[in-house]
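Peer 1: pasting the sequence and the predicted coordinates here, then a few questions.
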Amino acid sequence: MANKKQKRSVSSNVTPVEKATAARAHGRTGVAEFNPDYSYVKSDLKRIGVLAGSFFVVLVVLSFFLR
């Protein structure tokens, strides 16, 4: 088998303190604000619920006719 070589990542000599200082100087605090929008999920769940309920009603109605 051939020898596999791993690529080395190039790291800079910047310390975490220097990164934080540079972020503050540019107006960024370093804390990312996470605010997802899941409104489409709510509408999809409603649609799934309506479909499941209507299929259940159709099955109950059909059971009366097929007896």
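Peer 2: Now that the structure is in, tell me what you want to look at. Residues are numbered from 1 along each chain as shown.

Peer 1: which regions of this protein lie under the pLDDT threshold?
Peer 2: 1-2, 4, 6-12, 14, 16-17, 19-30 (pLDDT under 70).

Peer 1: if you count neighbours, what's buried in whichever helix in it runs longest?
Peer 2: For the chain, the helix that runs over the most residues, judged by DSSP state H, is helix 39-65. When burial is assessed from 16 or more other Cβ atoms under 10 Å, helix 39-65 yields no buried residues. C-betas here are computed from N, CA, C, even on glycine.

Peer 1: start at 28, not 1
Peer 2: Okay, residue one is now 28; in that scheme the one you just asked about reads as helix 66-92.

Peer 1: can you list the helices and strands that that helix packs against?
Peer 2: With contacts taken as 3 or more Cβ pairs under 8 Å, 6 or more residues apart in numbering; DSSP states H and E, helix 66-92 sits against no other helix or strand.

Peer 1: count the neighbours of Phe61 for me.
Peer 2: For Phe61, the neighbour count with other Cβ atoms under 10 Å is 5.
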